[in-house]
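Peer 1: The sequence and its predicted three-dimensional model are supplied below.
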Amino acid sequence: MIAGRKTVTADTVEDYYKGYGELGDGGYAAGDIIDVFDLRGRLRCTIRATKVEIIRFGDIPEAVWRGETFASAEEFRKVHVRCLPHLELHDDFAFVALHFELLHG
């Protein structure tokens, strides 16, 4: 969790509501307790979802870009464009931002 500083994760709306096979059903809501696994299926931490919101790519709230540990909304956008080259990310493109608190890990 980036040394315990990360408090938000953002994903496309489509991917947010997809399941993760045996590791999770996706579409988490505020209050859900979530076990977070790495790519090898090892439990890394447990978090509690505190807020879920739909955000626009052209208007990233400060709490979201800071919670994702970026220095600015512009950095958030640049990184997501680089990480999601298969998508046409425009100002009205919707993301789901999951705010959380670390419980264990």
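Peer 2: Now that the structure is in, tell me what you want to look at. As the structure is a computational prediction, the values presented were derived from the model and not from experiment.
Peer 1: Mind giving me the packing neighbours of the top strand by length along the chain?
Peer 2: In the chain, taking DSSP state E as the definition, the longest strand is strand 43-56. The helices and strands touching strand 43-56, judged by 3 or more Cβ pairs under 8 Å, 6 or more residues apart in numbering; DSSP states H and E, are strand 33-37, strand 94-104. Any C-beta I mention is one placed from the backbone N, CA and C, and that applies to glycine too.
Peer 1: Show residues contacting it.
Peer 2: 1, 10, 13, 28-38, 61, 64, 91-105 (Cβ atoms under 8 Å, 6 or more residues apart in numbering).
Peer 1: likewise stretch 95-102?
Peer 2: For stretch 95-102, the surrounding residues in contact (Cβ under 8 Å, 6+ apart) are 1, 4, 7-13, 16, 28, 34, 45-57, 61, 63-64, 67, 80.
Peer 1: So for it, mean pLDDT?
Peer 2: With pLDDT averaged residue by residue, stretch 95-102 scores 97.
Peer 1: Of the helices and strands packed on strand 43-56, flag the one that's most buried.
Peer 2: Of all those, strand 94-104 carries the top mean neighbour count, a mean of 17, counting by mean count of other Cβ atoms under 10 Å.
Peer 1: Name every strand pairing with that strand and say which way it goes.
Peer 2: Using DSSP bridges, the strands paired with strand 94-104 are strand 8-12 (antiparallel), strand 43-56 (antiparallel).
Peer 1: ok, and which of those has the densest surroundings?
Peer 2: Across the strands paired with strand 94-104, averaging neighbours per residue (mean count of other Cβ under 10 Å) puts strand 8-12 on top, at a mean of 19.
Peer 1: from the chain's centre, how far out does it sit?
Peer 2: Centroid separation for strand 8-12 versus its chain: 2 Å, with Cα atoms, centre = their mean, to the nearest Å.
Peer 1: quick one: buried residues of stretch 17-37?
Peer 2: By neighbour count on 16 or more other Cβ atoms under 10 Å, the buried set for stretch 17-37 is 28, 32, 36.
Peer 1: can you give me how far it is from the chain middle?
Peer 2: Between the centre of stretch 17-37 and the centre of its chain there are 12 Å (Cα atoms, centre = their mean).
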